[in-house]
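>>> any chance you could fold what I've pasted below:
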Amino acid sequence: MAVLAVSILLPLTAFAQELSEERVKELALEAILENPQIIMEAVKLLEQQEPTAQAEATADVLKEQRQLLEQDPNAPVLGNPDGDVTVVEFFDYNCPYCRRAMSEVEGLIEADPNVRLVFREWPILGDGSVFAAKAALAARNQDKYEEFHWALMGMEERAQEA
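Numbering: from 1, shown residues only. Next up is the predicted model:
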């Protein structure tokens, strides 16, 4: 008797599930047709989530790149090499704005003994800039980078290969 009851009820249960899935789809379609703004709300929600996901992915990349920028053993460091505040400066020896900012940058390491200043040569203003950057990095090999850097940044004329 129990086997008979199960054999009768089992197909009915499967049929009921199939009907309920179809009914759910019908109800969803009816709701959308009666309230089309549901679609707009869903699109807005998706648009809000996408920038958040993009921002999170960008933040992850920045964290990875930050480590490379701040801890590159080939980048010259002035100030406190073990400082708890790291400033990374990208500059070109022929950049007038970089030169104007020089005293402010120098003031950072004078004002705070915990500032670690990482210099990133960024020679984008011509061959003279490339030559000056190479010369500064060569001066680093002789433990003269800081003196050479401040001298080049203090020049009034453009750096150029002689």
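
>>> contacting residues around the closest residue to residue 126 other than its chain neighbours?
Leaving aside its sequence neighbours, residue 126 sits nearest to residue 94 (CB to CB, 6 or more residues apart in numbering; 6.7 Å). From N, CA and C alone the C-beta is placed, and that goes for glycine too. Residues near residue 94 by CB atoms under 8 Å, 6 or more residues apart in numbering: 125, 126, 128, 129, 132, 158, 159.

>>> checking the most centrally placed residue in the chain next. Helix, strand or coil?
Taking CA atoms, centre = their mean, the centroid of the chain lies closest to residue 62, which sits 2.8 Å from it. The three-state label given to residue 62 by DSSP: H, G, I helix; E, B strand; the rest coil is helix.

>>> report the separation between it and residue 111.
Note on residue 62: its distance to residue 111, by CB to CB, to the nearest Å, is 27 Å.

>>> try residue 67
26 Å.

>>> residue 82 too?
Distance from residue 82 to residue 111, by CB to CB: 17 Å.

>>> where exactly do the strands run in the protein?
77-79, 85-91, 115-121 (DSSP state E).

>>> please work out which of the ones you listed is packed deepest.
Of all the strands of the chain, strand 77-79 has the most neighbours on average by mean count of other CB atoms under 10 Å, namely a mean of 21.

>>> give me the mean pLDDT for that one.
Averaged across strand 77-79, pLDDT comes to 94.

>>> other SSEs contacting that strand?
helix 96-111, strand 115-121 (3 or more CB pairs under 8 Å, 6 or more residues apart in numbering; DSSP states H and E).

>>> any idea which of the ones you listed scores lowest on pLDDT?
Here the lowest mean pLDDT among the helices and strands packed on strand 77-79 goes to helix 96-111, at a mean of 91.

>>> now it: buried residues?
98, 99, 102, 105, 106, 109 (16 or more other CB atoms under 10 Å).

>>> export it as PDB, just CAs?
The C-alpha coordinates for helix 96-111 follow below in PDB (Å, rounded to 0.1, in the frame of the first residue of the first chain):
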ATOM      1  CA  PRO A  96      59.800  73.900 -14.600                       C
ATOM      2  CA  TYR A  97      57.000  72.800 -12.200                       C
ATOM      3  CA  CYS A  98      59.200  70.100 -10.700                       C
ATOM      4  CA  ARG A  99      61.900  72.600 -10.200                       C
ATOM      5  CA  ARG A 100      59.500  75.100  -8.500                       C
ATOM      6  CA  ALA A 101      58.300  72.300  -6.200                       C
ATOM      7  CA  MET A 102      61.900  71.400  -5.300                       C
ATOM      8  CA  SER A 103      62.100  73.600  -2.200                       C
ATOM      9  CA  GLU A 104      58.800  72.200  -0.900                       C
ATOM     10  CA  VAL A 105      59.900  68.600  -1.500                       C
ATOM     11  CA  GLU A 106      63.200  69.300   0.300                       C
ATOM     12  CA  GLY A 107      61.300  70.900   3.100                       C
ATOM     13  CA  LEU A 108      59.300  67.700   3.700                       C
ATOM     14  CA  ILE A 109      62.400  65.800   4.600                       C
ATOM     15  CA  GLU A 110      63.800  68.600   6.700                       C
ATOM     16  CA  ALA A 111      60.500  69.100   8.600                       C
END
